[in-house]
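Q: one predicted model, sequence on top.
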Amino acid sequence: MALGALLLVAAVGLLAYNQWDDWRAGRSVADIQDALEAAVEEAEAAATPAPYSGSVTSAADEDEAQDTEMATVEVDGYEYIGTLSIPSYGLQLPVMAQWSYAGLKIAPGRYSGSVWTDDLIICGHNYDRHFGNLKNLEPGDIITFTDVEGNVFDYQVEEIITLQPTDVEEMASRENGEWDLTLFTCTIGGQTRVTVRCSRTSEDTTT
């Protein structure tokens, strides 16, 4: 009975920690999003790199727009490329320029690719307030990515599939080329990857 009681306490403690960690993740992205918007506004107002615990780095010029480089804003030591919006779940998430295990505790990050080459892949933790609801998206749902220069890219969900952690090549490809946008996250326990494939529905526009 003592062992059973200890296991029960451990289970309750783990559940409480997971709920707190999910709340913390939600609070983190909200704070980062506010800071990101403020840094971008400062940069636009000054027309020069704007400091917010860092600086804004812009793509060199329009001729390089098709390069894989994307403009970034640095916030609290991490660089961000923009904001991902998933209206179906009322989510607005800042996206880091590069993913890392430490970074995913804060916000989703770019796994590879670029909006300019229509092959952007973004990974995120399975917190409910990050990518935990990817599995509930449906074909036809709209997802929007807005980069730090105000360019808006609209996408439509085409399919939701499950991949194995070893399916590295499959993550970045499809039968007839690259997907315009891919989002993915681990399932509970980390055994597989929920993967959302999206096609671009419009040309980018500047806000």
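A: Done, it's in.

Q: which regions of this structure sit below the pLDDT cut-off?
A: 1-27, 43-68, 168-169, 172-177, 203-207 (pLDDT under 70).

Q: all strands for this structure, in order.
A: 56-57, 72-75, 78-86, 91-96, 109-112, 120-123, 142-147, 151-163, 181-186, 193-200, 205-206 (DSSP state E).

Q: make JSON lines out of those and add mean neighbour count.
A: Every residue, glycine included, has its C-beta placed from N, CA and C. Listed next are those as JSON lines, based on neighbours: other Cβ atoms under 10 Å:
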{"stretch": "strand 56-57", "mean neighbour count": "20"}
{"stretch": "strand 72-75", "mean neighbour count": "24"}
{"stretch": "strand 78-86", "mean neighbour count": "23"}
{"stretch": "strand 91-96", "mean neighbour count": "22"}
{"stretch": "strand 109-112", "mean neighbour count": "19"}
{"stretch": "strand 120-123", "mean neighbour count": "24"}
{"stretch": "strand 142-147", "mean neighbour count": "20"}
{"stretch": "strand 151-163", "mean neighbour count": "18"}
{"stretch": "strand 181-186", "mean neighbour count": "23"}
{"stretch": "strand 193-200", "mean neighbour count": "20"}
{"stretch": "strand 205-206", "mean neighbour count": "10"}
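
Q: nearest to residue 38, of those strands?
A: strand 72-75 (9.1 Å; Cβ to Cβ).

Q: separation between residue 123 and residue 188?
A: Distance of residue 123 to residue 188, given as Cβ to Cβ, to the nearest Å: 16 Å.

Q: do you know which of the strands of the chain lies nearest residue 35?
A: strand 72-75 (4.8 Å).

Q: direction included, what does the closest one pair against?
A: strand 56-57 (antiparallel), strand 78-86 (antiparallel) (DSSP bridges).

Q: closest to residue 101 out of those?
A: Closest of those to residue 101 is strand 78-86, at 13.0 Å (criterion: Cβ to Cβ).

Q: tilt between the closest one and strand 91-96?
A: Relative orientation of strand 78-86 and strand 91-96, computed by axes from the mean of the first three to the mean of the last three Cα atoms, to 10 degrees: 150 degrees.
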